[in-house]
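Novice: Mind folding the following:
(2 chains)
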2 protein chains.
Amino acid sequence: MPATMHRELARIVGAERVLEAPASSPYNHDAARRRGVEGRAEAVVLPGSAAEVAALVAWCYAHDVALVARGGGTGMMGGAVATHGGIVCSLERLVRVRELEPALWRMLPEAGVSTRDVQRLARENGLFFGPDPGACEQSQIGGNVATNAGGPHALKYGVTGAWVAGLEVVLAPGELVELGGWAGKDVAGYDLKSLMIGSEGTLGVITAVRLRLLPAPQATLALVVFLPTREQGCAAIGELLGSGLRPAVLDFLDSETLAMTAASYPADAPAAGFALIVELDGTRAEVKDQRAELSQVLAASAIAVQEPAAAELWRWRDGFNGVVTGVRGAKVSEDVAFPIERLGEGLERFAQIAGRHGLRSCAWGHGGEGNVHATVLVDPAEEAELDAAQEVGEELFALVVELGGSVAGEHGVGWLKRGRLEAQWAPRALDLHEEIKRAFDPKGLLNPGKKLARYPAPSPVTSTE
Amino acid sequence: MPATMHRELARIVGAERVLEAPASSPYNHDAARRRGVEGRAEAVVLPGSAAEVAALVAWCYAHDVALVARGGGTGMMGGAVATHGGIVCSLERLVRVRELEPALWRMLPEAGVSTRDVQRLARENGLFFGPDPGACEQSQIGGNVATNAGGPHALKYGVTGAWVAGLEVVLAPGELVELGGWAGKDVAGYDLKSLMIGSEGTLGVITAVRLRLLPAPQATLALVVFLPTREQGCAAIGELLGSGLRPAVLDFLDSETLAMTAASYPADAPAAGFALIVELDGTRAEVKDQRAELSQVLAASAIAVQEPAAAELWRWRDGFNGVVTGVRGAKVSEDVAFPIERLGEGLERFAQIAGRHGLRSCAWGHGGEGNVHATVLVDPAEEAELDAAQEVGEELFALVVELGGSVAGEHGVGWLKRGRLEAQWAPRALDLHEEIKRAFDPKGLLNPGKKLARYPAPSPVTSTE
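Specialist: Alright, predicted model coming up:
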């Protein structure tokens, strides 16, 4: 980086907190390391406080330098990678829990506190923080909010945004602002807080999060249900919900995912064409009742219902990404969502699309929400396969829109899904998406190129005024 | 109205759907009929479909005529009153339930379906719609979403917005747009849906609502807890929550409200200085357990815990507004929210403020959320009392901001709370509130004068671009 830049950034955060960022730097990548995601950061800066973040944004705005806010780097879509240069602002040093009030069911962690620590602190105080995106050890609460991260428990407990009472954010051109707060109800202004949630660092930088927690459920029970076919599996999801059961988790694995992960499954898996991971929770009596109800609902369709130890089951579940990646050296996984009644059709047609392109595919995800991680296996050295995977993605996104779903369920838009929204939203809504970006970030310096509704963005910028 | 206007509006909705609007018309008032809320509608128009609403907005945009969207008219803040002229667009004819899928826990009512009908349809299908603002018979789901209405059950089940999966809205200059949808997770674009929720018709007109419902709880039990003092009552709220109980409702009445409503209470009320209305729900066993837990938590503080029949209890509760109004002929009630731990202080200081201004006051509301309907009793013929009530309001709003609460809990901003946000939000957030309004409604024709962050609005309009 230029010496002047280093000197000025060092004045804000201290010289030892301003790092060079070679192409190989982990700060120039994310967890998926997908083709086309190449970070070109001029510097990585590690502020130690919200005030320092505000000073950094102000400096960037004064010097026309882009700023990419970064949490744990566990994203998959390139959202935290400086694809357009500028500085990476890593929130990793904002790790203070400013407030923890168990009797009031709330916690105020700074953006860099890991998701696991939020969960652990809640648990140690008799409370519960529902969101459980993958890679909890590395992922940070600020990044979770910035992507509105989901996870299995979102079915009953909602995605990250549902737990957010307020945010401390730095808005351009460098002001530290509170949105929301601890009041239990608040309709005093437009919902800017919800606008920040899921905005992936393109509207401002989240520095602290007011979280509302819940009393921990007394008991939980995790189950694996094996079913003969995809069709029967998707029908079973509908029957479970239709019965009035309210499972905390209702994840699924298709036959391919089952086959690939069978070796790491913590029990003897029967031959099956589909599986569900179900978690029931509540009082002990309630869990028992729900377990009986579930058996009854699935009596006709299930091959087997197993109850592996929860820790082992979740370790197996958390391993899917790695196991599937290992089969052919790489995978390309697209996170989409279907309306629940179209899940079976969506899965079937995705498999056909991949097959037509000569790629082995598999799918797993959060069945209760119709949220699918649609995956093709590739050899990372074969450009032709990567090209084919790209085409599978194109057709999948068209399918999702046709079935009334979303091109992005819980992994965000980042850089890789730029412009995808154009197929899903009406032109006027796309205009507003772009106008909101301009209102929050008139110079376009906050995570440029990310969460773009249209790509390339219309230029020169038009206005409805 | 001018003949041309009548002719052109009639071409859109039919001549019999275009009404004159004299000052006495109910369409020129809302439920509170507060001083300073005077409707001056040039016409009332009753569209019969979303397409007609879109045509109306387009006509208004083409002719620079303001449009005030109106639901059941049960608001209290003047939000649905045409204080600045223009046409009132009443959604009362949009009463179709386009979709009702009990097994998928969802319903798609048009904006004009009454809240009571949404609740009833859910109940008849084994499901549950949580929000229960007052005046359910008259209020409409579109208006509920437009104000993000609350009610007692918001404590456990969230305000209206928490139940909304998607919206059909007409955006200026007249486009019918879908925001959100049935996919269980969706982070494809900025959260425009949440921006519409609570925007009080200033950003667009809601024509239909995708609602996610929940399986109905098996059992509910409503209780009234009498406590000696306000201080002990507020402490009891904290203890109930701190115990890990998760009541569906945790409302409160102060001693004045108790005294005024004692005659209509459906049992023998003991002498008390504070009361809580608690509803427990879940399985029958769970409700029983919670009931026992509640007794234990309140053993030391409660004077009595009574279990009147639920229907009678809620009829009593729904009557508070009328009873309190009747005492002196009118009341001025401000809806605010405190952080829960400041509730006791907030209530005490509000009573002092009212006392200093020589007015009798009372307060009730949703204690679990710190949401207070802070009320002074007035003689509507005494201008001096109305002026004093106004001053009480000013001091109350300052108090709310001082204690970290919100100047608007669940009744919206409307016309009466214009500019109040300025005390609560940072300048940059206020700017963004105003820029969002301009992006959605560049001509300022959608419900002008309502939900204003600043008042008077800065003029000429500035831009950060």
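Novice: check contacts around residue A:172.
Specialist: Contact partners of residue A:172, counting by Cβ atoms under 8 Å, 6 or more residues apart in numbering or on different chains, are A:57, A:61, A:204, A:440-443, A:445-446. Where C-beta positions appear, they are placed from N, C-alpha and C, glycine not excepted.
Novice: Is it possible to mark the buried ones in the residues you listed?
Specialist: Taking 16 or more other Cβ atoms under 10 Å in any protein chain shown as the criterion, what is buried in those is A:57, A:61, A:204, A:440-441, A:443, A:445-446.
Novice: Which pair of those spans the longest distance?
Specialist: The span of the buried ones among the contacts of residue A:172, defined through Cβ to Cβ, is set by A:204 and A:443 at 13.1 Å.
Novice: Dump the C-alpha coordinates for stretch A:430-442 into PDB.
Specialist: The C-alpha coordinates for stretch A:430-442 follow below in PDB (Å, rounded to 0.1, in the frame of the first residue of the first chain):
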ATOM      1  CA  LEU A 430     -35.100  -3.100  -8.300                       C
ATOM      2  CA  ASP A 431     -34.900   0.700  -8.700                       C
ATOM      3  CA  LEU A 432     -35.700   1.200  -5.000                       C
ATOM      4  CA  HIS A 433     -33.000  -1.300  -4.000                       C
ATOM      5  CA  GLU A 434     -30.500   0.800  -6.000                       C
ATOM      6  CA  GLU A 435     -31.900   4.100  -4.700                       C
ATOM      7  CA  ILE A 436     -31.600   2.900  -1.100                       C
ATOM      8  CA  LYS A 437     -27.900   2.000  -1.800                       C
ATOM      9  CA  ARG A 438     -27.300   5.500  -3.100                       C
ATOM     10  CA  ALA A 439     -29.000   7.100  -0.100                       C
ATOM     11  CA  PHE A 440     -26.900   5.200   2.400                       C
ATOM     12  CA  ASP A 441     -23.700   5.200   0.400                       C
ATOM     13  CA  PRO A 442     -23.800   8.100  -2.100                       C
END
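Novice: do it and chain B meet?
Specialist: Yes: counting by Cβ under 8 Å from any Cβ of the partner chain, contacts between stretch A:430-442 and chain B involve A:430, A:432-433, A:435-440, A:442.
Novice: I'd like the mean pLDDT over that stretch, please.
Specialist: In this model, stretch A:430-442 carries a mean pLDDT of 98.
Novice: residues of it that come out buried?
Specialist: Buried residues in stretch A:430-442, counted by 16+ other Cβ under 10 Å: A:430-441.
Novice: centre of the chain versus that stretch, how much separation?
Specialist: How far stretch A:430-442 lies from its chain's middle: 22 Å, per Cα atoms, centre = their mean, to the nearest Å.
Novice: Could you pull out the helices in the stretch 301-450 of chain A for me?
Specialist: Here the stretch 301-450 of chain A has its helices, by DSSP state H, counting those that start in this stretch, at A:310-318, A:320-328, A:343-356, A:383-402, A:421-424, A:427-440.
Novice: circling back to that earlier point, chain B: which of the buried ones among the contacts of residue A:172 is nearest?
Specialist: When the buried ones among the contacts of residue A:172 are ranked by distance to chain B (Cβ to the nearest Cβ), residue A:440 comes first, at 6.4 Å.
Novice: Wait, the closest one touches residue A:447, no?
Specialist: No: look at residue A:440 against residue A:447 with Cβ atoms under 8 Å: they stay out of range, at 11.1 Å.
Novice: between these two, what contacts are shared?
Specialist: Listed as contacting both residue A:440 and residue A:447 by Cβ under 8 Å, 6+ apart are residue A:202.
Novice: Can you tell me the SS state at the residue nearest to residue A:132 when sequence neighbours are not counted?
Specialist: Excluding the flanking residues, the one nearest residue A:132 by Cβ to Cβ, 6 or more residues apart in numbering or on different chains is residue A:151, at 3.9 Å. Under DSSP: H, G, I helix; E, B strand; the rest coil, residue A:151 falls in the coil class.
Novice: In contact with residue A:104, which residues are there?
Specialist: For residue A:104, the contact set (Cβ under 8 Å, 6+ apart) comprises A:182, B:238, B:241-242, B:340-341.
Novice: and the stretch 251-400 of chain A, which residues reach chain B?
Specialist: Residues of the stretch 251-400 of chain A lying near chain B by Cβ under 8 Å from any Cβ: A:282-283, A:285-286, A:289, A:337-341, A:366, A:368-371.
Novice: These, buried ones only, as a ChimeraX selection?
Specialist: Here is the ChimeraX command that picks out the buried ones among these, judged by 16+ other Cβ under 10 Å:
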select /A:282,283,286,289,337,338,339,340,341,366,368,369,370,371
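Novice: Determine which two of the residues of the stretch 251-400 of chain A next to chain B are furthest apart.
Specialist: Taking Cβ to Cβ as the measure, those span a maximum distance of 34.7 Å, between A:285 and A:338.
Novice: For the nearest residue to residue A:389 once chain neighbours are set aside, which residues are in contact?
Specialist: Of all residues beyond its chain neighbours, the one nearest residue A:389 is residue A:332 (4.0 Å), with distances taken as Cβ to Cβ, 6+ apart. Going by Cβ under 8 Å, 6+ apart, residue A:332 touches A:34, A:375-376, A:378, A:386, A:389-390, A:392-393.
Novice: List just the nearest of those residues to chain B.
Specialist: Closest approach to chain B among the contacts of residue A:332 (Cβ to the nearest Cβ): residue A:393, at 14.2 Å.
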